[in-house]
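[1] quick one, structure for this:
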Amino acid sequence: MSQNTNTLLLFFDHEDSHKTCLLMFLKLKEGDLAQAQLFANQFKMKLPRQWGDSWFNQRVTAQPDFIRLDYDSSTSEDLPLEMLHPLFKAGMKGAAIEVFNDQVGEYHRAHFVSGSMVNPKSLFKRVERSIAVIDSEFAASPEELQQAPLDKPISIRRLLQQREQEQADAQEMVALMRDLGKAAKDTGSSPEELLRSSLVLRAVGKGLLQGGIFGLVTILLFKGLWLWVGLTVILLVGLPLLYVSQVITELDGEIDIEDEFPEVSHAD
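    Numbering: from 1, shown residues only. I've put the predicted structure just below:
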């Protein structure tokens, strides 16, 4: 079974926070959830939900200048952003994680400073000791890292919001497909036709919603009432047409691609 091997390094400036975080992990490792939560309360955070759910083979070690948490997970496991976010709010200075995916044999790293994902240089600049720690604690050599550098910082809060939106979109699509299957069965219509209609209606709704929000905000905040009213009317017409056009183009493109493959006849 394929899995990820994860190594997480945490850097604190204050000894008390360093000790509290270490004790939280040690109590989790011992299975003493009640005591672990007492330490987590000092960071105003909940215990990492992944600890007993999707993480396994956890190992906790520490030195005076960093805490190291090793754990294995499935290859679909996300970065532990939910845990890092409250730790940064409580004063953690920096963090870095190395993930080895044994399915493809590749290493990936992520670096964090002050609640944002950053490039390595930003972490090294803010937490100078992290350079030597990462060199000694992470397994991959620079040549083994196959990833593009991060152009600009991205806040963990924003990453969490994106993740939540992706999960909501996935759940919505599952519900849509379930409803389409039921509707196709009840009406005898083609699922493809129902899907096309549903996506078109969704595109219309998306355009109307965005156009309406634009109009409301601009009319309330900016001068030139009739200018913004006019632009809002244009958007209320144009955005739905734009999104519907994109949906139809994507659907027709998928059909064209399928049609390019010839049917394969099987000899008896």
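
[2] so the residue nearest to residue 39 when sequence neighbours are not counted versus residue 64, what's the distance?
    Nearest non-adjacent residue to residue 39, counting by C-beta to C-beta, 6 or more residues apart in numbering: residue 24, 3.9 Å away. For the C-beta atoms, the positions are set from N, CA and C on the backbone; glycine is no exception. Distance of residue 24 to residue 64, given as C-beta to C-beta, to the nearest Å: 17 Å.

[3] and the two? which has more neighbours close in?
    Comparing residue 24 with residue 64 by other C-beta atoms under 10 Å, the one with more neighbours is residue 24, at 25 against 6.

[4] the chain: helices as residue ranges?
    15-30, 33-41, 81-89, 120-126, 130-137, 156-187, 191-221, 225-259 (DSSP state H).

[5] what mean pLDDT does the longest one get?
    Yep, that's helix 225-259 we're talking about. For helix 225-259, mean pLDDT rounds to 60.

[6] can you check the fourth one too?
    Summarised as a single mean, pLDDT over helix 120-126 is 94.

[7] quick one on the thing from earlier: OK, contacts around the residue nearest to residue 39?
    Contacts of residue 24 were listed using C-beta atoms under 8 Å, 6 or more residues apart in numbering, and they are 36, 39, 40, 43, 47.

[8] which among those gets closest to residue 117?
    Nearest to residue 117 among these: residue 43, at 19.7 Å, using C-beta to C-beta.

[9] I figured that closest one was touching residue 85, is that so?
    No: contact criterion C-beta atoms under 8 Å: residue 43 and residue 85 do not qualify, at 10.3 Å.

[10] show me which parts of stretch 118-127 are buried, residue by residue.
    Across stretch 118-127, burial judged by 16 or more other C-beta atoms under 10 Å covers 118, 120, 122, 123, 124, 127.

[11] and what of stretch 94-110?
    Buried residues in stretch 94-110, counted by 16+ other C-beta under 10 Å: 94, 95, 96, 97, 98, 99, 100, 107, 110.

[12] from these, which land in strands?
    94, 95, 96, 97, 98, 99, 100, 107, 110 (DSSP state E).

[13] let's have the residues you listed in CSV, adding distance to residue 163 and pLDDT.
    Below are those laid out as CSV (distance: C-beta to C-beta, whole Å; pLDDT from 0 to 100):
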residue, distance to residue 163, pLDDT
94, 21, 98
95, 17, 98
96, 20, 97
97, 16, 96
98, 20, 95
99, 16, 94
100, 22, 93
107, 22, 91
110, 14, 94
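
[14] the residues you listed: which two are farthest apart?
    Using C-beta to C-beta, the pair of those lying farthest apart is 94 and 100, separated by 21.1 Å.

[15] how many neighbours does the residue lying closest to residue 159 once chain neighbours are set aside have?
    Among residues not flanking residue 159 along the chain, residue 81 sits closest, at 5.6 Å (C-beta to C-beta, 6+ apart). Residues contacting residue 81 under the criterion other C-beta under 10 Å number 15.

[16] quick check: residue 81 vs residue 127, distance?
    As judged by C-beta to C-beta, residue 81 and residue 127 stand 19 Å apart.

[17] residue contacts, residue 149?
    119, 120.

[18] per-residue confidence, it, what does it come out as?
    For residue 149, the model assigns a pLDDT of 71.

[19] and residue 47, backbone torsions?
    phi -60, psi 150 (degrees, to the nearest 10).

[20] same check on residue 55?
    Backbone phi and psi, for residue 55 under degrees, to the nearest 10, turn out to be phi -100, psi 150.

[21] that one reaches residue 69, doesn't it?
    No: contact criterion C-beta under 8 Å: residue 55 and residue 69 do not qualify, at 9.2 Å.

[22] so those two - more neighbours on which side?
    Counting neighbours by other C-beta under 10 Å for residue 55 and for residue 69 shows that residue 69 has the greater number, 25 against 20.

[23] test my guess that the more buried one contacts residue 22.
    No: contact criterion C-beta under 8 Å: residue 69 and residue 22 do not qualify, at 9.7 Å.
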